[in-house]
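Asks: When you get a sec, could you give me coordinates for this:
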Amino acid sequence: MKKIVLFALILVCINCKTTNIESSELTTFFVGTYTSGESEGIYKYAINKDGILQKIGLATETNNPSYLAKSNDGKTLVSVDETDDEGTGFVKSYRIENDSLIYLSTSKTGGAHPCFITINSDNEVLVANYTGGNIAAYKIDNQNGLTNLLAVQQHFGKGTTARQEAPHAHSAYFHPSRNEIITADLGTNELWFSTYNDSEKSFEFTKQEKIKMADGAGPRHIAFHPSKNWFYTINELNNKVSLIVENENKYSLKNTFSILPEDFKGNSYAADIHISADGKFLYASNRGHNSIAIFEIDPLNGNLQILDFESTKGNWPRNFALSPDGDFLLVANEKSSNIVSFKRNKKNGKLSFISEIKAPNPVCILF
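Replies: Have a look, this model is predicted:
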């Protein structure tokens, strides 16, 4: 009897040890979705050291959480509710607690269909309202979630295509090294430059104010180079990446690069853009061509050289993300309802398929 009990204890210890090892090898991430189909809200997934994906479960039920962000300390998650309720959408905040999100607050966004949210190191928050054509400012209180809406910057103007009949703020970023906000407005076809005055609770334009993009470009998202004085804008409508260089506190558009093969004849719409932590490679997603375009970055001038196009093994890739260690690239394929992981070769930037998992209408991946 004693031998049986001892054997059972040994088995329990072995199982506990195995579980801990498996747990320590997992890197978790949240997935934002559109909830018009099978999705119920925000989900939690994981990737192991070999790039294999695993579903953990539904973290919280909510409506159209199409973009997510986390506070600097990793304790609070914020999500847009991409909707139009009498001219406004909403942004919600949650306390991250193990595999669940505990609801904290809801705030209006001051414009319809919020589609982007970001947080800086001071827990200041920006939201871009696509249909509203404006951006909104908040702060995070880690105990109570988001503040109410603090300020709105309304855009004006239009572009030259049917999608550009009015302002459509698609993203807004805090500059990584200066007090500046850069907004990509697909509708006005411009980049907008401003600062946020906390004491006055207002946005203020910088001296430059705007940069006009090529007719019909449709700027969507931005990626800052980690060590150089330039950034890149991905343009949804003309499927190109634009290089924006800063010199003596003034920005200028220096060059533009196609993210599609020369012989591609179908319809495609650029979606997301990211740069590797070492600043050597740039990645961009194509909805329609259903690929990730892989570029090498010239360290002297920022020009891009196409290296490859990697199929996303799904339909309509929107947001994608590099894992925190840079070893993997994960893609959210909205229309085929799957997430795909690729091993990233850090020497040449190329991608190799590793794993695939079902996910209901995924549009945002947040580590």
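
Asks: Quick one: find the helix or strand in this protein with the lowest mean pLDDT.
Replies: helix 2-24 (a mean of 43; mean pLDDT, DSSP states H and E).

Asks: neighbouring contacts of the following helix or strand past that one?
Replies: Counting by DSSP states H and E, the next helix or strand C-terminal to helix 2-24 is strand 27-33. Residues from elsewhere that reach strand 27-33 (CB atoms under 8 Å, 6 or more residues apart in numbering): 39, 41-48, 56, 59, 64-68, 77, 79, 99, 101, 319, 321, 323-325, 330, 332, 339, 359-367. Heads up, the C-betas are built off the backbone N, CA and C, glycines and all.

Asks: Past strand 27-33, which element shows up next along the chain?
Replies: strand 41-47.

Asks: Direction included, what does whichever helix or strand comes after that following strand pair against?
Replies: Moving toward the C-terminus from strand 41-47, the next helix or strand (DSSP H and E) is strand 53-61. Each strand paired with strand 53-61, and its direction, by DSSP bridges: strand 41-47 (antiparallel).

Asks: Let me see the mean pLDDT of the partner strand.
Replies: Taken as a whole, strand 41-47 carries a mean pLDDT of 98.

Asks: any idea how far P176 is from G216?
Replies: Separation of G216 from P176 (CB to CB, to the nearest Å): 29 Å.

Asks: What is the burial count for N235?
Replies: 25 (other CB atoms under 10 Å).

Asks: Excluding residues flanking it in the chain, which one is nearest it?
Replies: A217 (4.0 Å; CB to CB, 6 or more residues apart in numbering).

Asks: The one you found and N238 touch, don't they?
Replies: Yes - counting by CB atoms under 8 Å, N238 is a contact partner of A217 at 4.9 Å.

Asks: just to revisit the earlier point, show me which of the contacts of strand 27-33 are buried.
Replies: Neighbour counting by 16 or more other CB atoms under 10 Å classes 39, 41-47, 56, 59, 64-68, 77, 79, 101, 319, 321, 323, 330, 332, 339, 359-366 among the contacts of strand 27-33 as buried.

Asks: Show me what the helix or strand containing K92 pairs with in its sheet, parallel or antiparallel.
Replies: Using DSSP H and E, K92 sits in strand 88-97. Strand pairing for strand 88-97, determined by DSSP bridges: strand 76-85 (antiparallel), strand 100-108 (antiparallel).

Asks: Show me how far that strand is from its chain's centre.
Replies: Strand 88-97 sits 16 Å away from the centroid of its parent chain (CA atoms, centre = their mean, to the nearest Å).

Asks: so T83 makes contact with F90?
Replies: Yes - contact criterion CB under 8 Å: T83 and F90 qualify, at 6.9 Å.

Asks: picking that back up, compare A217 and N238 and say which is more crowded by neighbours.
Replies: A217 (27 against 20).

Asks: In terms of helices and strands, where is the more buried one?
Replies: With DSSP H and E as criterion, A217 is part of no helix or strand.

Asks: quick one: contacts for it?
Replies: Counted by CB under 8 Å, 6+ apart, A217 has contacts N189, N235, L237, N238, K240, S242.
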